[in-house]
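A.B. asks: fold the following.
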Amino acid sequence: MVELEPHRYQYRYNLACGYALNNDQQNALNTLQFLLDENYDLVYMAAGDTDFSSLKDNKDFQQIVKRIEEKTRPLNTSSIAFSIPEKDLIPEGMAYDPVEEAFYVSSIQKCKIIKIDKQGNISDFTIPRQDGLLSVLGMRVDAYSRTLWAVSSYSFFKKHIPRKLLGTTGVFKYDLQTKKLLKKYMLPQEEGHYLNDLAIGPDGSVYITDWLVFGIYKISAEIDTIEKLIDMPRQPNGIDISDDGSKLFIAGNGMGVLDIAAKSYKELKYPPNLYVSGDGCYFYKNSLIAVQNGGFRKVSRFYLNDAQDEIVRSEPLEAYHPLFNIPTTGALAGNDFYFIANSQLADYNRDGSLFPLSELEEVKILKIGLK
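C.D. replies: Predicted coordinates for the structure are as follows:
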């Protein structure tokens, strides 16, 4: 693959992993050194990647780790906007209501949604498992219709949720004033879907990513049913829509753009040394704000060209913050970006039980000012 597409950094990094796993230490080191010299972002994951365990005592690898540590010093431009004392919330999604200036945060573990009003008061918007909610993921507010849209999916076993519900996935629509469920849009449980994130168009139509059966779904404002819009060539995750409502920007391991009217999808072009990905993805002034988690812990801004089919440059907004524990998604509030710093999504035991409260932290929401 490296020979076929030498500009794709992922292939070179995976080649280095393959060399290390096969105990070909010199080729693994040479490949990592090349990636560092060329400033390929993804190589920074190597310091904590267990694929390189066989190299941990190698002096040359230790020098590479030292270089990585120098390149991954924290860039902290954010401030703590608010904290959520509920340590076992395990949040995944955020939404912002500009009318009430309130935030909504979803819970993987508690199967509920909480509200933080503009005075900072925290309350349950829904109670656990209300209306059939299971783990709650991506959310958005439609300020015009005064509704909250939330994705709920259960495809990863939790000890306190019955196994028979695995595969349940759908979109829930709530009235912001009454907190009542207006409608839910479910996909067949047996088909193995995992709806993950959503975006709302100017006309009120909702677009949703399917993380397991790669595709984009649409709830049309006119038809009010959930239907597949397009199959995807790769796993889609974060999603947002252009200001004019004509394009969907879809992130995951890579980023692409979908012309909604034409149902035509293509990958965004970008400089080869960038790590282009996003759990959360947000369109802002002809750029994309992306929350990048896993071993690569950043919030990045990717600037688009006028045609919106190419990333011309990137800017790190936050990197390697000491609070980071799988940052997930966020929400734009005017010229500020708020995001979940420590979702603690991986703090589960093999049997599906959550780590004890003594090992968990209060949830921190960070805020970055944008220009």
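A.B. asks: for the rest of this, base every contact and every neighbour count on C-alpha atoms.
C.D. replies: Noted.
A.B. asks: in the stretch 201-350 of the chain, where is pLDDT below threshold?
C.D. replies: 294-296 (pLDDT under 70).
A.B. asks: what about 80?
C.D. replies: 272-273, 294-296 (pLDDT under 80).
A.B. asks: ranges for the strands of it?
C.D. replies: 206-210, 215-219, 226-231, 236-241, 247-252, 254-259, 264-267, 280-283, 287-292, 298-304, 311-319, 330-333, 336-340 (DSSP state E, counting those that start in this stretch).
A.B. asks: as a markdown table, those strands with mean neighbour count and distance to Asp41 would be great.
C.D. replies: Listed next are the strands of the stretch 201-350 of the chain as a markdown table, based on neighbours: other Cα atoms under 10 Å; distance: least, Cα to Cα, whole Å:
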| stretch | mean neighbour count | distance to Asp41 |
| --- | --- | --- |
| strand 206-210 | 25 | 26 |
| strand 215-219 | 21 | 28 |
| strand 226-231 | 16 | 29 |
| strand 236-241 | 28 | 20 |
| strand 247-252 | 25 | 16 |
| strand 254-259 | 21 | 13 |
| strand 264-267 | 15 | 19 |
| strand 280-283 | 27 | 19 |
| strand 287-292 | 26 | 12 |
| strand 298-304 | 22 | 11 |
| strand 311-319 | 17 | 11 |
| strand 330-333 | 23 | 22 |
| strand 336-340 | 22 | 22 |
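A.B. asks: tally of neighbours for Glu190?
C.D. replies: When neighbours are defined as other Cα atoms under 10 Å, Glu190 has 9 of them.
A.B. asks: doesn't Gly167 make contact with it?
C.D. replies: Yes. Glu190 is in contact with Gly167 according to Cα atoms under 8 Å; the separation is 6.5 Å.
A.B. asks: just the C-alphas of stretch 30-50, formatted as CSV.
C.D. replies: Coordinates of the C-alpha atoms in stretch 30-50 are reproduced here as CSV (Å, rounded to 0.1, in the frame of the first residue of the first chain):
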residue,chain,number,x,y,z
ASN,A,30,13.6,3.6,10.0
THR,A,31,9.9,4.0,9.2
LEU,A,32,9.1,5.9,12.4
GLN,A,33,12.2,8.1,11.9
PHE,A,34,11.0,9.0,8.4
LEU,A,35,7.5,9.9,9.7
LEU,A,36,9.0,12.1,12.4
ASP,A,37,11.4,13.8,10.0
GLU,A,38,8.5,14.5,7.6
ASN,A,39,6.3,15.8,10.4
TYR,A,40,3.5,13.2,9.9
ASP,A,41,1.2,13.9,12.8
LEU,A,42,0.0,10.3,13.3
VAL,A,43,3.5,9.1,14.3
TYR,A,44,3.0,10.8,17.7
MET,A,45,0.8,7.8,18.7
ALA,A,46,3.8,5.5,18.6
ALA,A,47,5.0,6.5,22.1
GLY,A,48,2.0,4.8,23.7
ASP,A,49,1.2,2.2,21.0
THR,A,50,1.6,-1.4,22.3
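A.B. asks: over to Asn27: give its phi and psi.
C.D. replies: Backbone torsions of Asn27, given as degrees, to the nearest 10, read phi -70, psi -30.
A.B. asks: try the one 5 residues further on
C.D. replies: When quoted as degrees, to the nearest 10, the phi and psi of Leu32 stand at phi -60, psi -40.
A.B. asks: could you find the closest non-adjacent residue to it?
C.D. replies: Closest residue to Leu32 apart from its sequence neighbours, by Cα to Cα, 6 or more residues apart in numbering: Ala16 at 6.4 Å.
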